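Undergrad: Pasted the sequence and its predicted model underneath.
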Amino acid sequence: MGKLYSMKKALLIAEDEETTLSLLRDVFDRPDLVVHEARTGGEAIRIIDQNPVDVVLTDLKMPGPDGLAVLAHARKTHPDTEVILMTGHATVESAVNAMKMGAFHYITKPFSVDEVVQLVDRVLELTSVRKENTNLRTLVRGQGGLENIIGVSDPIKEVLSLVRKVADTNSTVLITGESGTGKELVARAVHYLSPRSYRMLVPINCSAIPAELLESELFGHVKGAFTGAHITRAGKFETAHNGTIFLDEIGEMSPHLQVKLLRVLQEKSVTPVGGNKPIPVDVRVIAATNKDLEEEVAEGRFRPDLYFRLNVIPIRIPPLRERKEDIPVLAAHFIERYDREKGRYLEGIRKDALEMLQRYPWPGNVRELENLVERIVVLKGHGWIETADLPEKIRRSEKFLKTAVPVLGESGLDIRAATSEFETALLRQALHIANGNKNRAATLLGLKRTTLVEMLKRKQIDEREPHPRSS
């Protein structure tokens, strides 16, 4: 039978008062912990240099270097080590200095044993998450640079320029764009080009988690806060401390949580569900949405004060139909990737097939193009992508484009009737491509949803009717 290795975590207690040290020694005498002790700042620094330490619990006032010096040394030599400061000489100035220097938290004496245990356990959980994600973070960092935002068009060059300008600031960024345009790629580039890149980028999809659970996911909860809360858990904001949190689909957040998020942005602290003590957090916020938040504000579905808090640096990702010159570059990139991943040998795309791809409106944007290329690479396996390999909806769209404009003959035509017919055909095609989704159809036509609905009613078009097939 193989030998079992325990993954113990290491805690350093730096405290010169023997009574307090003895109390903490007894409290943290647990099988899951290796506990180091130091009675001076110099001894604490030596232990940090000679041993892996996950958490430092240090007194502020000690012989030799003080707790702030221990904090500074830990932050400089082991950025993943978290530090909690204790003191019986609490001042606002020392608390602010500690947090500015990167302390995880700051507690004052006398403290309750439960308070210290909950705080240390929360930090240990965060360090565990970070260790488990070390390999993933390395991989993602390799996928997080500007080189992964592919394109040669002017609109995408503007995005890249903006990312470079804002990355090294702490400003909140709001990324807007349709689904499939690559908003998370831009968020990753902002984080990994920033001074926070050594810490975690924590993504959370606000539309993928039920509203009643999202608050706990974001802000954490204390033991017993609700049915099933058997242990205290840190939220995403705490996990992202000194790093970046990426709030995807922020437009789906409930009004109740919008209020709480606004408070977090204003106060730079979170209060776990069921708790009553705010926890300071230093987190850069990047939010993203495929909705028009200005319209959501006007309709009363999104708080204007939160919108203005988020919209400090707006970055709009253009849809693929606005950057058609990027399609050849993207297609070649995806062919190379999936040839390599799937063990296939496609050589490229024929010119007429590529031109057809450039004329298609791409309602699913880059993600739709990537999925299409992956499917063709897997199914075809080798050779060149021909027009016959493209899906029927793309070829049908092409036939529509070739026959959509009427020919003006000797007898002339009624321009009003021709324009109306053309408009009707465009509406039906947009509904077909969008699978009847009015929001998506409106976006494809550059219209507001209300305008599209009015046009459908006026022309008596049923969005559920099938698009007529071209012969």
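TA: Perfect, I can see it now. Numbering: from 1, shown residues only.
Undergrad: helices and strands of the protein: which one has the lowest mean pLDDT?
TA: helix 134-142 (a mean of 44; mean pLDDT, DSSP states H and E).
Undergrad: give the contact list for V222.
TA: Neighbour list for V222: Q118, A229, T232, P272, V273, G274, G275 [criterion: Cβ atoms under 8 Å, 6 or more residues apart in numbering]. C-beta coordinates here come from the backbone N, C-alpha and C atoms, glycine included.
Undergrad: Just the buried ones from these?
TA: Q118, A229, T232, P272, V273, G275 (16 or more other Cβ atoms under 10 Å).
Undergrad: and the residues you listed, which two are the farthest apart?
TA: Based on Cβ to Cβ, the longest span within the buried ones among the contacts of V222 runs between Q118 and V273 and measures 13.9 Å.
Undergrad: related to what we said a few turns ago, quick check: what element follows the least confident helix or strand of the chain along the chain?
TA: Along the chain past helix 134-142, the next helix or strand (assigned with DSSP states H and E) turns out to be helix 154-166.
Undergrad: in the stretch 101-250 of the chain, which spans are strands?
TA: For the stretch 101-250 of the chain, the strands defined by DSSP state E, counting those that start in this stretch cover 105-108, 173-176, 201-205, 244-248.
Undergrad: Mind putting those strands into a markdown table with mean neighbour count, mean pLDDT and distance to K61?
TA: Converted to a markdown table, the strands of the stretch 101-250 of the chain look like this (neighbours: other Cβ atoms under 10 Å; pLDDT from 0 to 100; distance: least, Cβ to Cβ, whole Å):
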| stretch | mean neighbour count | mean pLDDT | distance to K61 |
| --- | --- | --- | --- |
| strand 105-108 | 18 | 80 | 12 |
| strand 173-176 | 24 | 96 | 40 |
| strand 201-205 | 20 | 92 | 34 |
| strand 244-248 | 24 | 95 | 34 |
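Undergrad: Nearest to F302, out of those strands?
TA: Using Cβ to Cβ, the strands of the stretch 101-250 of the chain put strand 173-176 closest to F302, at 11.7 Å.
Undergrad: Alpha carbons only: can I get that closest one in CSV?
TA: Extracted as CSV, the C-alpha positions of strand 173-176 are listed here (Å, rounded to 0.1, in the frame of the first residue of the first chain):
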residue,chain,number,x,y,z
VAL,A,173,-13.2,48.7,-16.3
LEU,A,174,-16.5,48.0,-17.9
ILE,A,175,-16.3,45.8,-21.0
THR,A,176,-19.3,45.8,-23.3
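Undergrad: Could you tell me how far that strand lies from the centre of the chain?
TA: 11 Å (Cα atoms, centre = their mean, to the nearest Å).
Undergrad: Use 377 as the first number from now on
TA: Let's use 377 as the start, then, which means that last one is strand 549-552.
Undergrad: what's next to it, contact-wise?
TA: Under Cβ under 8 Å, 6+ apart, the answer for strand 549-552 is 542, 559, 562-563, 566, 626, 661-666, 668-669, 686-693.
Undergrad: Restricted to strands, list the residues you listed.
TA: Counting by DSSP state E, those place V661, I662, A663, A664, T665, I689, P690, I691, R692 in strands.
Undergrad: count of residues packed around the fourth one?
TA: Yep, that's A664 we're talking about. Neighbourhood size, A664 [other Cβ atoms under 10 Å]: 26.
Undergrad: before we move on, what about the first one?
TA: Other residues lying near V661 total 22 when counted by other Cβ under 10 Å.
Undergrad: Check the fifth one too.
TA: Using other Cβ under 10 Å, T665 is surrounded by 23 other residues.
Undergrad: Return the set of residues that bridge with it.
TA: T552 (DSSP bridges).
Undergrad: give me every residue that touches it.
TA: Residues in contact with T665, defined by Cβ under 8 Å, 6+ apart, are L550, I551, T552, E625, I626, G627.
Undergrad: Pick out whichever of these sits closest to S796.
TA: Among the contacts of T665, T552 lies closest to S796 (Cβ to Cβ), at 33.3 Å.
Undergrad: measure A565 to S529 for me?
TA: 17 Å (Cβ to Cβ, to the nearest Å).
Undergrad: T416 is in contact with E391, correct?
TA: No. Assessed by Cβ atoms under 8 Å, E391 is found out of contact with T416, at 10.1 Å.
Undergrad: shared neighbours, these two?
TA: Contacts common to E391 and T416, judged by Cβ under 8 Å, 6+ apart, are M438.
Undergrad: so after the helix or strand in which E799 is found, what's the next helix or strand?
TA: Assigned by DSSP H and E, E799 belongs to helix 791-809. Using DSSP H and E, the helix or strand that directly follows helix 791-809 along the chain is helix 814-821.
Undergrad: which parts of stretch 825-832 are buried?
TA: Here stretch 825-832 shows L828, M831, L832 as buried, counting by 16+ other Cβ under 10 Å.
Undergrad: ok, back up a step: pLDDT and distance to N546 added to the ones in strands among the contacts of strand 549-552, as JSON lines?
TA: JSON lines is the format used below for the ones in strands among the contacts of strand 549-552 (pLDDT from 0 to 100; distance: Cβ to Cβ, whole Å):
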{"residue": "V661", "pLDDT": "96", "distance to N546": "9"}
{"residue": "I662", "pLDDT": "97", "distance to N546": "11"}
{"residue": "A663", "pLDDT": "97", "distance to N546": "14"}
{"residue": "A664", "pLDDT": "96", "distance to N546": "18"}
{"residue": "T665", "pLDDT": "95", "distance to N546": "21"}
{"residue": "I689", "pLDDT": "95", "distance to N546": "11"}
{"residue": "P690", "pLDDT": "96", "distance to N546": "16"}
{"residue": "I691", "pLDDT": "96", "distance to N546": "16"}
{"residue": "R692", "pLDDT": "95", "distance to N546": "21"}
